[in-house]
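[1] Just a sequence and a predicted model for now, questions to come.
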Amino acid sequence: MSIGKTLTALSPTYIWAWTLLAVMLTWTVFHVAMKKKKNTEETETETETEKGDGADVIIVGAGVAGSALAYVLARDGRRVHVIERDLSEPDRMMGEVMQPGGRLMLAELGLEECLEEIDSQKMRALAIYKDGKCGHCPFPEDFEFPYEACGRAFHNGRFVQRLRHKASSHPNVNLEEGTVKSLVEEKGVIKGVKYKSKNTGQETTAFAPLTVVCDGAYSNIRRSLHDSKVDVNSYIIGYVTKNCRLQDPESLHLFMSEPSFSMLCQIGSDEVRCLAEVLPENVPSVANGKALAFFKNVIAPQIPPNLRDIFLKGLDENPEIKTVATKSMRDSLCDKKGVIVLGDAFTMRHPIVASGMMVALSDIVILRDLLKPINNLGDTRKLSQAHKSFIKLRKPMSATVNTLADAFHRVLLASSDEAREAMRQGSFNYLSRGGFSAKEMMAILGGMKPRPPSLVLHLFGITFASIAILVSPFPTPRGVWHTLRLLRLALTMLGSHLKEEGVDQMLSPTAAAAYRKRYMTATTT
C-alpha cells in the first residue's frame, strides 16, 4: 500500500522528466533536419552554378553600364558572363556627351583609355542662346574637382565598342551574343537566365549567384522585377552634318527655340550633331518628309546666322534623320534576391543634361566597392544589405541629376504663359550673367558637385531672378499675380522631387559630403 502511494506521488515527476526529454529530442531532430536542409540547398545552388559556365555574375546587356561593370568585377577576381543581344556597333543618337563627372568615374574604374582612339571631342563649356543673345558658360577650372574640368563628345557606338573590347580582353569575362528570354527564379531568388545563343541557335540556361540587368531603356526583363512607371516626356529628332567644324567646337550650343530646345554639338573632328525636341503630340514624320521640313522651316530660322550654315548643310545632304523618345522612370528597389538592375533599365531622366552615362558609371563605382568584401555572392543576406546601401549611397549624384534634368527640361519648353516665360528668361539670365552662381550651376550640371542642397538653393535663385522680370520696373497687380503663379509652379516642381528622392537626401548636406569624400577625391591610375 505504501509503495503504491509512493509511485502515485512520484508519477508527476516522471511525466515532467519524460516531457522534457521529448522536447529536447524533438528540438534536436528539428535542428539537425534544418541544418541538413540548408546544406542541401547550398549544395543544390553550387550544382546549378556548375551546370552553367561557372560564372559568379551574369550581366544582361553589354552597353556602357554592362561592359564597364563586367570589366571592374573581372578585375576584382569575379568570373563574369555577359550576354548581349547584338555585338555589332550601336548606332544611337543619345549618349553622345560625357560630362566631366562621368570622366572622373570612368577614371575611377580604370577605363579612361576607352575615350581615346574614337575621335572624341573636348567639351569645355555650354553656349546658351535666346532671342539673339548668347551666354558662354564654361566648366569652372578653379573648382574643387580632382580631374580635368572638361567633358567629351563622341559617337556613342564607338565608345561602347571600346568598352566591350576592354571587358572581353580580360580572361575572367565571357562575352556572348544572345537574347535573354527570361530570368530563372526559385522561391523569390533569381538563379540565372534563359537565353537563346546566336552561335548555336539553341535556348540555354545559365546560372550564377548574382544576375545584373543592364539591357537599357527598352528592357523587357525590368517588367518582371518592378513595376516602375515609364513616362514619355517628348521626342528628340536629329541628324549629323558631315565634313564641317563649328567655330567654337569645344562648346555645346543650346538654343532656347520653339517649341522647345535645339542643339549643335561637335561629336567628331568633322561631324556635328544637330537635333531638336518636339512634344509627343507633334512629332513630324521622317518618312513623308515632314521632319526635314520642320528642321528647315521651323528650327533653322531660329539658329544664329553664324551656325545656321552648318545646320542647313546637313539638311541639304539628305541626312539620315532619327527619332527617339525621351523617357523618365524613377528608381526603385527590387524585392527579389540575387538580382540588381542598373543603367537605363533601372532609372531614366530627361537627357537634356547629358548625364545618363555619368550616373551609370557612378553607380558602378559604388556597387564595385560594396561587392568587393562579399566573398560568396550567393549569400543573399549580405547581397541584400549591399543592395540597400547602394540605393542610399547613390542618391547625392542621382538626386542632383534627376532634379536638374527635370527642371531644365520644363524651363526650356516655350510657352505663351507669362509666368513660365519669365522662368525661361530668368534661367537664361542666371546662367549667362556669369559669376559665382553660374560657375556653381555649371559644376552641378557637369557632375563636379553632386550636392542636392546646393541645387535647391540655385533653383530658388533662378526663381527670384524670374520674379524680378515680372515685377520690373515696379510691381503691378498683373505682375504680382503671375509672381504667385510662378512661385506655385516652382514649389510644386521642387516638392515632387523632394517626395520622390527623399527630403533627407535632398536637403541634408551630410550624404553629399560623404559621397564626394569617398568617390571624388582621387582617380585610379
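    Noted; the coordinates are in hand.
[2] how about low-confidence regions in the stretch 51-200 of the chain?
    Counting by pLDDT under 70, the stretch 51-200 of the chain contains low-confidence residues at 51-53.
[3] Mind jotting down where the strands sit in it?
    Taking DSSP state E, counting those that start in this stretch to define them, one finds strands in the stretch 51-200 of the chain at 57-60, 80-84, 97-98, 121-123, 125-130, 133-138, 151-153, 173-186, 189-197.
[4] Let me have these in a markdown table, adding mean neighbour count and distance to Leu315 as columns.
    The C-beta positions use only the backbone N, C-alpha and C, and glycine is treated the same way. Listed next are the strands of the stretch 51-200 of the chain as a markdown table, based on neighbours: other C-beta atoms under 10 Å; distance: least, C-beta to C-beta, whole Å:
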| stretch | mean neighbour count | distance to Leu315 |
| --- | --- | --- |
| strand 57-60 | 28 | 39 |
| strand 80-84 | 26 | 34 |
| strand 97-98 | 26 | 22 |
| strand 121-123 | 20 | 22 |
| strand 125-130 | 21 | 19 |
| strand 133-138 | 17 | 23 |
| strand 151-153 | 23 | 21 |
| strand 173-186 | 18 | 36 |
| strand 189-197 | 20 | 41 |
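[5] Same list, those, but as a markdown table with distance to Ser432 please.
    Listed next are those as a markdown table, based on distance: least, C-beta to C-beta, whole Å:
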| stretch | distance to Ser432 |
| --- | --- |
| strand 57-60 | 43 |
| strand 80-84 | 43 |
| strand 97-98 | 20 |
| strand 121-123 | 18 |
| strand 125-130 | 6 |
| strand 133-138 | 2 |
| strand 151-153 | 19 |
| strand 173-186 | 46 |
| strand 189-197 | 50 |
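[6] Point out the one among those strands that comes closest to Arg518.
    Comparing those against Arg518 with C-beta to C-beta, the closest turns out to be strand 97-98 (21.3 Å).
[7] neighbours around Glu113, how many?
    Residues near Glu113, counting by other C-beta atoms under 10 Å, number 11.
[8] What of Asp406?
    21.
[9] excluding its backbone neighbours, what's nearest it?
    His350 (6.3 Å; C-beta to C-beta, 6 or more residues apart in numbering).
[10] before we move on, what about Phe154?
    Computed as C-beta to C-beta, 6+ apart, the closest residue to Phe154 that is not its neighbour in sequence is Ser120, at 3.9 Å.
[11] Are we agreed that Met263 is in a strand?
    Yes - under DSSP: H, G, I helix; E, B strand; the rest coil, Met263 sits within a strand.
[12] wait, it sits on Ser251?
    No - the criterion here is C-beta atoms under 8 Å, and Met263 misses it with Ser251 at 10.9 Å.
[13] returning to that earlier point: out of the strands of the stretch 51-200 of the chain, which is closest to Ala438?
    strand 133-138 (5.7 Å).
[14] and the closest residue to Ser355 other than its chain neighbours, what helix or strand is that in?
    Spatially, and ignoring its direct neighbours in sequence, Ser355 is nearest to Val401 (4.5 Å; C-beta to C-beta, 6+ apart). In this structure, Val401 sits in helix 395-412 according to DSSP states H and E.
[15] Show me what that helix packs onto, helices and strands only.
    Here helix 395-412 touches helix 356-371, helix 418-432, helix 435-445, helix 452-471, helix 477-501, helix 503-507, helix 509-519, going by 3 or more C-beta pairs under 8 Å, 6 or more residues apart in numbering; DSSP states H and E.
[16] Please list the residues outside the third one that contact it.
    Helix 435-445 is contacted from outside by 99, 125-126, 137-140, 143, 145, 353, 400, 404, 430-432, 449-451, 454-455, 458, 461, using C-beta atoms under 8 Å, 6 or more residues apart in numbering.
[17] and these, which are buried?
    By neighbour count, with 16 or more other C-beta atoms under 10 Å, those hold 99, 125-126, 137-140, 145, 353, 400, 404, 430-432, 449-451, 454-455, 458 as buried.
[18] Give the burial count for the closest residue to Arg368 other than its chain neighbours, as a bare number.
    Nearest residue to Arg368, sequence neighbours excluded (C-beta to C-beta, 6+ apart): Val72, at 4.9 Å. Using other C-beta under 10 Å, Val72 has 24 neighbouring residues.
[19] And Val72, how far from Gln161?
    18 Å (C-beta to C-beta, to the nearest Å).
[20] Ser182 too?
    Counting by C-beta to C-beta, the separation of Ser182 from Gln161 is 28 Å.
[21] same deal with Arg410?
    Applying C-beta to C-beta, the value for Arg410 to Gln161 is 35 Å.
[22] tell me which element Phe390 is part of?
    Per DSSP H and E, Phe390 falls inside helix 380-393.
[23] tell me what that helix is packed against?
    Packing partners of helix 380-393 (3+ C-beta pairs under 8 Å, 6+ apart): helix 356-371.
[24] tilt between the helix it packs on and helix 509-519?
    Counting by axes from the mean of the first three to the mean of the last three C-alpha atoms, to 10 degrees, helix 356-371 lies at 80 degrees to helix 509-519.
[25] Tell me the gap between helix 356-371 and the middle of its chain.
    Relative to its parent chain, helix 356-371 has a centroid offset of 9 Å by C-alpha atoms, centre = their mean, to the nearest Å.
[26] can you check stretch 462-471 too?
    Counting by C-alpha atoms, centre = their mean, stretch 462-471 comes out at 32 Å from the chain centroid.
[27] What are the buried residues along that stretch?
    Neighbour-count burial for stretch 462-471 flags Ile462, Thr463, Ala465, Ser466, Ile467, Ile469, Leu470 (criterion: 16+ other C-beta under 10 Å).
[28] per-residue confidence averaged over it?
    Stretch 462-471 carries an average pLDDT of 94.
[29] and what of stretch 397-405?
    For stretch 397-405, mean pLDDT is 93.
[30] Tell me the gap between it and the middle of its chain.
    10 Å.
[31] Show me the contact partners of that stretch.
    So stretch 397-405 is in contact with 101, 330-331, 347, 349-353, 355, 358-359, 362-363, 444-445, 447, 450-452, 455-456, 459, 494, 497, 500-502, 505-506, 512, 515, going by C-beta under 8 Å, 6+ apart.
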